[in-house]
Each structure stands twice: as C-alpha cells, then as structure tokens.
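**Student:** here are the coordinates; sequence isn't available:
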C-alpha cells in the first residue's frame, strides 16, 4: 500500500469512527441506562465516560481533518477533471446538496433558511 493509499485509508477510518461514535453515543446512553437499570451514580459515571470518549474523538478529528479535507479536495478535483461540463455542474450540485444535508444534521435537523 503506497503512502497516499494509507493516508486515504486512515482518513476514511477516522471519519467512519467519528460518525459512528457520534451516532452511537446517544444510542449507547439511552440503551445502557434503560436496559441495565442503572443507578443514578452509575448513570453519572457512564455519562462521564461517554463525554470523555466524545472529547477524545473530537480532538482526533481536529488533528486529522485538515489532511482528510486536502485528500478529499484532490480526489474531487481529479473526478471533476474526468467529467464533461454538464457532468461537472451536476457533480458540484450534488456535492452542495450533500454539504447542506450534513449541515442540517449537525444543526439537529433545524431548517435555518
């Protein structure tokens, strides 16, 4: 595996980890509390563990995000170079639609228009 492939694999792994972690943290919190009938003290300790884990994941993402975004930009530029003018416009529109969807998800689904 060459250096570029390793970097891409690492960035993808980090992204998957963060998305899974964010989605899983809320589910874990609810399931653990409900299914295990945790005491208030246990619930507080679980909350502390999950918050620490979220903070560590956020720190990891801040460290790797610039490299990930650079690789993503390079890949998108290469793809755009293969496309016709019409395809490139449609590709840009698709990327913009995905960006807006991510923003809405990060805002908790609120419509800010």
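**Tutor:** Alright, I've got the coordinates. Fair warning: this is a prediction, and the values are worked out from it, not measured in the lab.

**Student:** where is the longest helix in the protein?
**Tutor:** Assignment by DSSP state H gives helix 40-82 as the longest helix of the chain.

**Student:** how close does residue 101 get to residue 107?
**Tutor:** 11 Å (C-beta to C-beta, to the nearest Å). Where C-beta positions appear, they are placed from N, C-alpha and C, glycine not excepted.

**Student:** so what sits against both of these two?
**Tutor:** In terms of C-beta atoms under 8 Å, 6 or more residues apart in numbering, residue 101 and residue 107 are not both contacted by any residue.

**Student:** got the phi/psi numbers for residue 37?
**Tutor:** Dihedral angles phi and psi of residue 37 (degrees, to the nearest 10) take the values phi 50, psi 60.

**Student:** so for it, what's the pLDDT?
**Tutor:** Predicted confidence (pLDDT) for residue 37: 82.
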